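S.K.: I'll drop the sequence and a predicted model, then ask my questions.
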Amino acid sequence: MDLKDKKVLVIGTGLSGIGSAHLLCNAGAWPILLDENEKTNEADVKAKLEHDADNVKVVIGKLPEDLAKEIVLVVPSPAVPLDTDTIKSFTDRNIPVWSEIELAYNFAKGKLIAITGTNGKTTTTTLVGEIMKAYFKDVYVVGNIGHSYALEAQKMTDDSVTVAEISSFQLEAVENFHANVSAILNITPDHLNRHHTMENYARCKENVTVNGTSEDTCVLNYDNEYTREFAKNCPSKVVFFSSHEKLEKGFYLDGEEIYLAGDSEPVRIMNIHDMNLVGLCNVENVMAAIAMAMAMKVPMATILRVIHDFKAVEHRIEFSGTKNGVDYYNDSKGTNPDAAIQGIKAMSKPTFLIGGGYDKGSEYDEWIEAFDGKVKELVLIGATADKIDACARKHGFTAIHHEDSFEGALKYCTENAEPGDAVLLSPACASWDMFPSYEVRGKMFKNYVNSL
């Protein structure tokens, strides 16, 4: 689509929206940046636009009808649902709607690795990014990881390699988006308040390889029912990984060793103790990363060297220190039950578990069942506290304590944990009822631990 001198509506003034506005200015378009929150300060938005402030029209509140009639393309930020009245007013007129990653892809160059999944995206994307940087000269790590794909797309050349963490929100509105190497790490219930059904949610995830060909590679989790089933219809060449099955083809875990099975005898790749990451979930992330790196023809020696040196991503089962004989772990990124299950599985000591937060429509039965004698006490906060309490008691777990604040929960754990115990922040919920983001929640946890 030729956007030169055309008016494009960008909805949302966060990182994604600002990045999209910059790209559109660079492409010669006339971006209109809309923030429907009337409390937003236009001067603050202009400040974020920096050198392009004079080239972008900022609209706060409702979009005027005369402007709406001139729009040829709509680019909503990931947080904006596609069924809002504003977006429907454009789709009803057959105006195309592109996510930021679709917009970015249409201007980007080079090879693209796209990684999605309910859990493990950030760790895997960061690891794959480090492997690519160790072998290629021009590498970009973008997407849901906190770096706007649209902003970076303008800098790319034919020799660039881009590693993108892609959420289901970003995959809702894609058209030409095409990754050379992709991965769906897992699909478990999440964001059902947005996608409504698991079928819709899974379909969004599968869009990561919707335009794939037999020349491309898609890495899939054999142990996950959704991804294993999707492999039957995946347009790209599938490479499986498994932490539970000895595969005839693909990467698998046998005891403490990772193997690659192919046409001949399985080849030992590495021992899981040769990495700094903990937990079975991270073994799976590493297998997926190796598979993607091999698809990009990175030498195994380079891959293993980076894995050996790689440290845990912030806020994901992150060891935060030992105070008075108690270990503290920050798993604030455990924003859904399945992610929080991985946090519990990584614990080896009696654990005070801080849970609860914003309600995304999740069920908590499997999370409670995963406590498996490890959780000494469940300390609940936030909007979901009563819902989780009822679920826990249904499963016979009654060692539950409620606090009205995050600070109160931290203080309670500190005062009651004994030497040899662990305190784990792994809420199984989003942070939005009490914090702007899971990062803010995790940093507060670590600041508290450091102050002890």
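M.R.: Cool, got the structure. Numbers count the residues shown, from 1 in each chain.
S.K.: switch to C-alpha atoms for all contacts and neighbour counts from now on
M.R.: Noted.
S.K.: Count the neighbours of Trp44 for me.
M.R.: You called it Trp, but residue 44 is Asp. 10 (other CA atoms under 10 Å).
S.K.: which secondary structure element contains it?
M.R.: In the assignment (DSSP states H and E), Asp44 maps to helix 42-49.
S.K.: Just the residues contacting that helix, thanks.
M.R.: For helix 42-49, contacts defined as CA atoms under 8 Å, 6 or more residues apart in numbering pick out 13, 18, 21-22, 53, 58-60.
S.K.: Tell me the helices and strands packed up against the helix or strand just after it.
M.R.: Note on helix 42-49: by DSSP H and E, the next helix or strand toward the C-terminus is strand 57-60. Counting by 3 or more CA pairs under 8 Å, 6 or more residues apart in numbering; DSSP states H and E, the packing neighbours recorded for strand 57-60 are strand 30-35, helix 42-49.
S.K.: quick one, which of these is nearest to Asp365?
M.R.: Of all the helices and strands packed on strand 57-60, it is strand 30-35 that lies closest to Asp365, at 38.0 Å by CA to CA.
S.K.: one step back: go through the helices and strands packed on strand 57-60 and name the closest to Asn94.
M.R.: Taking the helices and strands packed on strand 57-60 one by one with CA to CA, strand 30-35 is closest: 18.7 Å.
S.K.: Can you give the distance from stretch 120-136 to the centre of its chain?
M.R.: 14 Å (CA atoms, centre = their mean, to the nearest Å).
S.K.: In PDB, list the C-alpha atoms belonging to that stretch.
M.R.: Listed next in PDB are the C-alpha coordinates belonging to stretch 120-136 (Å, rounded to 0.1, in the frame of the first residue of the first chain):
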ATOM      1  CA  GLY A 120       8.100 -18.100  27.700                       C
ATOM      2  CA  LYS A 121       8.100 -15.500  24.900                       C
ATOM      3  CA  THR A 122      10.300 -12.900  26.600                       C
ATOM      4  CA  THR A 123      12.900 -15.300  27.800                       C
ATOM      5  CA  THR A 124      13.100 -17.100  24.500                       C
ATOM      6  CA  THR A 125      13.100 -13.900  22.400                       C
ATOM      7  CA  THR A 126      15.900 -12.400  24.600                       C
ATOM      8  CA  LEU A 127      17.900 -15.600  24.300                       C
ATOM      9  CA  VAL A 128      17.400 -15.900  20.500                       C
ATOM     10  CA  GLY A 129      18.300 -12.300  20.200                       C
ATOM     11  CA  GLU A 130      21.600 -12.800  22.100                       C
ATOM     12  CA  ILE A 131      22.400 -15.800  19.900                       C
ATOM     13  CA  MET A 132      21.800 -13.800  16.700                       C
ATOM     14  CA  LYS A 133      23.900 -10.900  18.000                       C
ATOM     15  CA  ALA A 134      26.800 -13.300  18.600                       C
ATOM     16  CA  TYR A 135      26.700 -14.400  14.900                       C
ATOM     17  CA  PHE A 136      25.100 -11.600  12.800                       C
END
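S.K.: Tell me where the stretch 51-200 of the chain has helices.
M.R.: Assigned by DSSP state H, counting those that start in this stretch, the stretch 51-200 of the chain shows helices spanning 65-68, 85-91, 100-105, 121-135, 149-153, 192-195, 198-206.
S.K.: One more: the stretch 301-450 of the chain?
M.R.: Assigned by DSSP H, counting those that start in this stretch, the stretch 301-450 of the chain shows helices spanning 337-345, 365-369, 385-394, 406-416, 438-451.
S.K.: Make JSON lines out of those helices and add mean pLDDT.
M.R.: Converted to JSON lines, the helices of the stretch 301-450 of the chain look like this (pLDDT from 0 to 100):
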{"stretch": "helix 337-345", "mean pLDDT": "88"}
{"stretch": "helix 365-369", "mean pLDDT": "94"}
{"stretch": "helix 385-394", "mean pLDDT": "97"}
{"stretch": "helix 406-416", "mean pLDDT": "96"}
{"stretch": "helix 438-451", "mean pLDDT": "95"}
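S.K.: looking at those, which is buried most?
M.R.: helix 337-345 (a mean of 24; mean count of other CA atoms under 10 Å).
S.K.: So which other helices or strands are in contact with that one?
M.R.: Judged by 3+ CA pairs under 8 Å, 6+ apart, helix 337-345 is in contact with helix 280-295, helix 365-369.
S.K.: So which of these is the most surrounded?
M.R.: With neighbours defined as mean count of other CA under 10 Å, the helices and strands packed on helix 337-345 peak in mean count at helix 280-295, which reaches a mean of 23.
S.K.: what's next to it, contact-wise?
M.R.: Contacts with helix 280-295, where a contact means CA under 8 Å, 6+ apart, come from 113, 120, 123-125, 127-128, 131-132, 181-183, 185, 217, 219-220, 239, 241-243, 251-252, 258, 272, 277, 300, 303, 307, 342, 345-346.
S.K.: Take the residues you listed and keep only those in strands.
M.R.: Judged by DSSP state E, those include 113, 181-183, 217, 219-220, 239, 241-242, 251-252, 258 as members of strands.
S.K.: one step back: out of the contacts of helix 280-295, which end up buried?
M.R.: Those of the contacts of helix 280-295 that meet the buried threshold are 113, 120, 123-125, 127-128, 131-132, 181-183, 185, 217, 219-220, 239, 241-243, 251-252, 258, 272, 277, 303, 307, 342, 345, by 16 or more other CA atoms under 10 Å.
S.K.: quick one, domains of the chain?
M.R.: Per automatic domain parsing, the structural domains of the chain span 7-97, 102-309, 318-451.
S.K.: Among these, which comes closest to Met1?
M.R.: Of all the domains of the chain, domain 102-309 comes closest under CA to CA, at 8.6 Å.
S.K.: re the thing from before, tabulate the helices and strands packed on helix 337-345 (JSON lines), appending distance to Asp2.
M.R.: Conversion of the helices and strands packed on helix 337-345 to JSON lines gives the following (distance: least, CA to CA, whole Å):
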{"stretch": "helix 280-295", "distance to Asp2": "33"}
{"stretch": "helix 365-369", "distance to Asp2": "49"}
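S.K.: To Trp432, which of those helices lies closest?
M.R.: helix 365-369 (20.3 Å).
S.K.: Can you pull out the low-pLDDT segments for this protein?
M.R.: The chain contains residues with pLDDT under 70 at 189-196.
S.K.: Taking the chain centroid, which residue in it is the extreme one?
M.R.: In the chain, Asp66 marks the outermost C-alpha relative to the chain mean, sitting 37.5 Å out by CA atoms, centre = their mean.
S.K.: is it true that Ser405 touches Ala383?
M.R.: No. The criterion here is CA atoms under 8 Å, and Ser405 misses it with Ala383 at 11.1 Å.
S.K.: Comparing these two, which residue is more hemmed in?
M.R.: Using other CA under 10 Å as the criterion, Ser405 and Ala383 rank with Ala383 on top: 17 against 13.
S.K.: Spell out which residues sit in contact with the more buried one, please.
M.R.: Neighbouring residues of Ala383 by CA under 8 Å, 6+ apart: 356-359, 433.
S.K.: Show me which of those are buried.
M.R.: Buried among those (16+ other CA under 10 Å): 356-359.
S.K.: now the residues you listed as a markdown table including distance to Pro350?
M.R.: Below are the buried ones among the contacts of Ala383 laid out as a markdown table (distance: CA to CA, whole Å):
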| residue | distance to Pro350 |
| --- | --- |
| Gly356 | 19 |
| Gly357 | 23 |
| Tyr358 | 26 |
| Asp359 | 27 |
